[in-house]
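Participant: Let's see this in three dimensions:
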Amino acid sequence: MWQALVLLPAVSGFFLDLAASDKLCFSEELSQQTLVVGEVILVGDRVPAALKVTVIDSVGVVVFEKDQASYAKFSFTTLDAGVHQFCLANFAAQPVELGFDMSIGIEAKDYTNIASTKDLKPTELAIQRMKDRTAQIHKEVQYLREREEEMRNTNVTIHNRVIGYSICTLLFLLVLALVQIVYLRRVFRAKKVI
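Facilitator: Numbers count the residues shown, from 1 in each chain. Modelled structure (predicted):
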């Protein structure tokens with residue numbers, strides 16, 4: 001059990017079975033200017049190349065699409081913050097098993113090329129990773145603050161509208177009560193009850 005817990009953080013992808021003529025979509029909320037690298041591969045012998053991989057950004061624009069594939073690798077940087085969809089569709093007449101691996105943000109950055117081009121020592125490379133991770137965390141915190149402010153503004157707007165609606169309802173009921181009183185007085189005076 002302990003060994004499984006130690007290996008768990010090293011897992012970055014997963015395998016899944018996709019039935020014949022079936023489609024499966026995942027979604028991930030990403031901040032602006034986030035690097036995303038993904039890989040999809042069909043597993044097994046004599047696998048038909050009938051997989052369609054589609055990546056849709058938060059605005060609805062197709063960022064990546066590959067048809068009739070047994071392997072697909074995609075990489076992009078998000079332009080807008082929001083929910084991005086990753087869809088897998090099986091057009092084969094038989095179920096398939098596929099592997100899906102995706103890295104987001106700092107995990108997607110390839111430091112081997114950086115180390116070879118700048119001749120960095122292992123400690124310098126570790127420091128560069130920490131700086132990049134710190135910058136990513138700062139960017140995510142800023143994004144969360146912006147979202148919090150938007151939600152707070154939305155809550156204040158809804159609160160003000162509810163108060164306005166309540167006041168209008170009370171005024172309408174008061175006017176309706178006054179109209180009823182005037183009408184009943186006229187009716188009772190006409191019948192000479194009062």
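Participant: just how off-centre is the top helix by length along the chain within its chain?
Facilitator: Ordering each helix of the chain by length in residues (DSSP state H) puts helix 122-190 first. Mean-position distance between helix 122-190 and its chain equals 22 Å (CA atoms, centre = their mean, to the nearest Å).
Participant: That helix packs against which elements?
Facilitator: Using 3 or more CB pairs under 8 Å, 6 or more residues apart in numbering; DSSP states H and E, the elements in contact with helix 122-190 are helix 111-118. Every C-beta, even on glycine, is put in place using the N, C-alpha and C of the backbone.
Participant: Could you pull up the mean pLDDT of the helix it packs on?
Facilitator: In this model, helix 111-118 has a mean pLDDT of 64.
Participant: do the same with stretch 171-184
Facilitator: Averaging pLDDT along stretch 171-184 yields 96.
Participant: Give me the helix or strand of this structure that scores worst on average pLDDT.
Facilitator: helix 2-7 (a mean of 36; mean pLDDT, DSSP states H and E).
Participant: so how far is residue 81 from residue 137?
Facilitator: To residue 81, residue 137 is 16 Å away according to CB to CB, to the nearest Å.
Participant: The two: who's more crowded?
Facilitator: A count of neighbours by other CB atoms under 10 Å puts residue 81 above the other of residue 137 and residue 81, at 16 against 12.
Participant: Grab the nearest non-local neighbour of that one.
Facilitator: Distances taken as CB to CB, 6 or more residues apart in numbering place residue 32 nearest to residue 81, at 4.5 Å, with adjacent residues excluded.
Participant: thinking that neighbour is in contact with residue 59, fair?
Facilitator: No - Residue 32 lies out of contact with residue 59 (CB atoms under 8 Å); the separation is 11.9 Å.
Participant: Give me the common contacts of the two.
Facilitator: Shared contacts of residue 32 and residue 59 (CB atoms under 8 Å, 6 or more residues apart in numbering): residue 80.
Participant: before we move on, back to that, tell me the secondary structure at the residue nearest to residue 81.
Facilitator: Classification of residue 32 by DSSP: H, G, I helix; E, B strand; the rest coil places it in coil.
Participant: how many other residues sit next to it?
Facilitator: 15.
Participant: show me what contacts it?
Facilitator: 78, 79, 80, 81, 143.
Participant: The fourth one touches residue 28, doesn't it?
Facilitator: The one in question is residue 81. No - using CB under 8 Å, residue 81 makes no contact with residue 28, being 11.6 Å away.
Participant: okay, now residue 133: neighbour count?
Facilitator: 14.
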